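# requesting a structural model of the entry that follows:
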Amino acid sequence: MRKPSIRIQCFAILLLLLDVGSNLCLADADADATASNKANDNNKANDDSTTNSRRLGSNLNLNQGNGPSNKSSEHNSPKPNTIRGAKDRQLQLQDADSMDIALRKRMPAISKDNLKFSYTSEWRQDFFPSGVRSDSPSVSKAPSVSPTKAPSASPSRTPIRIACAGDSLTLGRTGMWNNPGLDYPTQLGGLLGGNPFSTHNYGRNVVTAISSSGQSYNSTSIFRRSLDLGADIYLLMLGTNDARIWESQSHKFATSLEWIINEVKRTSPDVRIMLAIPPWVKMANFGISGSIINNNIRPIIQQVAAAATPQPIHVVDMYAVTKNRYEFYTSDGIHLNGQGYEMVAQAWKEAILCNNNGICETGETCGTCEECCPKPPCTKILKSRGEC
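Here you go, the predicted structure:
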């Protein structure tokens, strides 16, 4: 007799397993049905006993005659099933609380610091303080980016304020008009290249250095404003209008000029003061003579500058800069045009950057004035070359 094939054997085994499984399911269903029937019978019995007790209670009330009625209490009294159900739920809650307390006593202390993932639910936070469960989806944490510092701006150089004080030749008058932008203070600021230099124009028409002239510079409000600036460099160019009253008040010129210088030093002790010889006069006009400026006013300005303390004041010779330069002047022969004021500004610039007095002062640097550079030690080679 031939043996059945392997496929037939496997199919037979599968049928046996299905038959056994169906029998087990039917047995479970029968058991559930039996249990539910028993529960229904018990509930019916309880209901019957409750009904009988109610009937017995009502008969007792009827037999008592005038006794108090318990009808309201009958309605308010809870059913036995209700009482038993409430007690069961209370016991369940107590058991759950006790289990929760026991679990929490066994759990380590939980703080916000050891919760790695804020997205997890509360139960995961409570029962997995060191992280999420192994079966929960992994979340890749974004890489922390350290804040980058903004590049620090290069420190700005200390500003150097330049006060330009004087008469109409400082204000920038060209003939009968004042022309802003052509004045030498504005052009000086452009030549110096701005930062750290800032120029300020404190010029005034007709003023003199002599204090008793009725038009003295030291009595004007603009002079006070020049002092309030607290300038680092103070450029003073006066004397052109003093030539008009020279014969009567020339003896006051030196003392008046010294008073202005001392007042500037008093308000700004560290200020660097520079004086100018007034520009050349193209032709005598308004009672102003070029010869008085060159022969009388020039030497007094130089004497006052040399006698200044604690060190001499540097003098810029604007007379020499403008002498015989007819193209620099307007038709009145006294005031300069834009080109003339540019030459005055250039002379001031050169003096500010390097005045060749052997002292490094405000505005001078090693890059602009060799006298401000440290000298190398005098070696035998340098001495043999005559360099020291």
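
# could you list the low-pLDDT ranges of the stretch 1-150 of the chain?
Regions of the stretch 1-150 of the chain meeting the criterion pLDDT under 70 cover residues 1-9, 11-12, 15-16, 18-150.

# meant to ask about the stretch 201-350 of the chain
Ranges of the stretch 201-350 of the chain meeting pLDDT under 70: none found.

# quick one, helices of it?
All helices of the stretch 201-350 of the chain, identified by DSSP state H, counting those that start in this stretch, fall at 221-228, 246-249, 253-267, 290-292, 298-306, 318-322, 338-353.

# just tell me which of those helices ends up closest to Thr330.
Closest to Thr330 of these is helix 338-353 (CB to CB; 8.4 Å). Heads up, the C-betas are built off the backbone N, CA and C, glycines and all.

# show the subsequent helix or strand relative to the closest one.
Downstream of helix 338-353, the next assigned helix or strand under DSSP states H and E is helix 380-384.

# what's the neighbour count on the closest residue to Thr158 other than its chain neighbours?
Nearest non-adjacent residue to Thr158, counting by CB to CB, 6 or more residues apart in numbering: Pro196, 6.1 Å away. Counted with other CB atoms under 10 Å, the neighbours of Pro196 add up to 14.

# ok, Pro196 touching Gly189?
No. With contacts counted by CB atoms under 8 Å, Pro196 stays clear of Gly189, the gap being 11.4 Å.

# am I right that Cys369 is in contact with Cys354?
Yes. With contact defined as CB under 8 Å, Cys369 counts as touching Cys354 (3.3 Å).

# you'd agree Phe328 is up against Gln346?
No. Using CB under 8 Å as the test, Phe328 is too far from Gln346 to be in contact (11.7 Å).

# those two: which is more packed in?
Higher neighbour count among Phe328 and Gln346: Phe328, with 22 against 15, using other CB under 10 Å.

# and for the nearest residue to that one once chain neighbours are set aside, the neighbour number?
The shortest distance from Phe328 to any non-neighbouring residue, by CB to CB, 6+ apart, is to Gly340 (3.0 Å). Neighbour count of Gly340, defined by other CB under 10 Å: 26.

# was I right to think Gly340 contacts Tyr329?
Yes. At 6.2 Å, Gly340 counts as touching Tyr329 under the criterion of CB under 8 Å.

# need the overlap of contacts for these two.
Residues touching both Gly340 and Tyr329 (CB atoms under 8 Å, 6 or more residues apart in numbering): Thr322.

# those strands in the protein, which residues are they?
If DSSP state E is used as the criterion, the strands of the chain fall at 160-166, 173-174, 177-178, 197-203, 233-237, 272-277, 314-317.

# strand partners of the first one, parallel vs antiparallel please.
This points to strand 160-166. strand 197-203 (parallel), strand 233-237 (parallel) (DSSP bridges).

# same deal with the second one?
Here the strand partners of strand 173-174, with direction, are listed using DSSP bridges: strand 177-178 (antiparallel).

# what lies in contact with the strand it pairs with?
So strand 177-178 is contacted by 168, 171-172, 205 (CB under 8 Å, 6+ apart).

# one step back: redo the helices of the stretch 201-350 of the chain as JSON lines? Include distance to Cys378.
Below are these laid out as JSON lines (distance: least, CB to CB, whole Å):
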{"stretch": "helix 221-228", "distance to Cys378": "44"}
{"stretch": "helix 246-249", "distance to Cys378": "51"}
{"stretch": "helix 253-267", "distance to Cys378": "36"}
{"stretch": "helix 290-292", "distance to Cys378": "48"}
{"stretch": "helix 298-306", "distance to Cys378": "30"}
{"stretch": "helix 318-322", "distance to Cys378": "36"}
{"stretch": "helix 338-353", "distance to Cys378": "27"}
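
# thought Leu238 was touching Val207?
Yes. Here Leu238 reaches Val207: they are 7.3 Å apart, a contact under CB under 8 Å.

# give me the common contacts of the two.
Common contact partners of Leu238 and Val207 (CB under 8 Å, 6+ apart): 166-167, 217.

# turn these into TSV, including distance to Pro185 and neighbour count.
What follows is those, written out as TSV (distance: CB to CB, whole Å; neighbours: other CB atoms under 10 Å):
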residue	distance to Pro185	neighbour count
Gly166	10	26
Asp167	13	23
Tyr217	16	27
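
# and these as CSV, adding distance to Arg244?
Formatted as CSV, the shared contacts of Leu238 and Val207 follow (distance: CB to CB, whole Å):
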residue, distance to Arg244
Gly166, 16
Asp167, 11
Tyr217, 14
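
# list just the nearest of these to Thr309.
Thr309 lies nearest to Tyr217 out of the shared contacts of Leu238 and Val207, by CB to CB, at 22.3 Å.

# which residues touch that closest one?
165-167, 204, 207-209, 223, 238, 260.

# alright, I will stop here.
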